[in-house]
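Engineer: Just the structure for this:
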Amino acid sequence: MHRDLKRIVGLAGVLCGLASAPIVANAGGSAVVTQNADVRAAPSSDAKALTQAPVNEPVQILDRRGAWYEVSSSSGWRGWLRMASIKLTSLTQGKKSSGSSPLEPAAVIGVRGMDEASLARAQPDYNALNRLKQYRARPQDADRFAAELPRGGKR
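Structural biologist: I've put the predicted structure just below:
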């Protein structure tokens, strides 16, 4: 049990480091709609659908709440789209991470317990990832573990 807990804690640390990106999408960026999507009156799937955003429609990002962007289009509609429905087409903070293109899409949905400024400064911890690799299960380990489990739903 202790070994499993150690694996989980290590994985959580790596995921926090890798999930963070140095670029955070803010208001003022441009994007393109990647799939037909309902434009909502508020950042919620329960909110009233105002219109449909067509694929390849260019939009301007006005605000972000959670996994939703408030956007406006040159066609005249304005509302909230799910983050997964659009692709950013420009960096929105003027900062470049090393080797990135100014047209490279970038977005961060968020990590619980970290504010936007912390996410902007966060860097992946590759040493932690390498340490985590020591806990990687091999196929024979998985077979042995499965063989040790009780059969028939009894524990």
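Engineer: and A41, what does it touch?
Structural biologist: Counting by C-beta atoms under 8 Å, 6 or more residues apart in numbering, A41 makes contact with 47-50, 79-80. C-beta: built from backbone N, CA, C; applies to glycine.
Engineer: from those, which single one is nearest Q140?
Structural biologist: Closest approach between the contacts of A41 and Q140, by C-beta to C-beta: W80, at 49.7 Å.
Engineer: Identify the residues contacting the helix or strand containing the closest one?
Structural biologist: Taking DSSP states H and E as the criterion, W80 maps to strand 78-82. Outside strand 78-82, the residues that touch it by C-beta under 8 Å, 6+ apart are 33, 37, 39-45, 47, 50-51, 53, 59, 62, 65, 67-72.
Engineer: circling back to that earlier point, show the buried residues in the contacts of A41.
Structural biologist: The neighbour count (16 or more other C-beta atoms under 10 Å) marks 79-80 as buried among the contacts of A41.
Engineer: where are the low-confidence patches of this structure?
Structural biologist: Counting by pLDDT under 70, the ranges of the chain that qualify are 1-27, 90-116, 119-120, 152-155.
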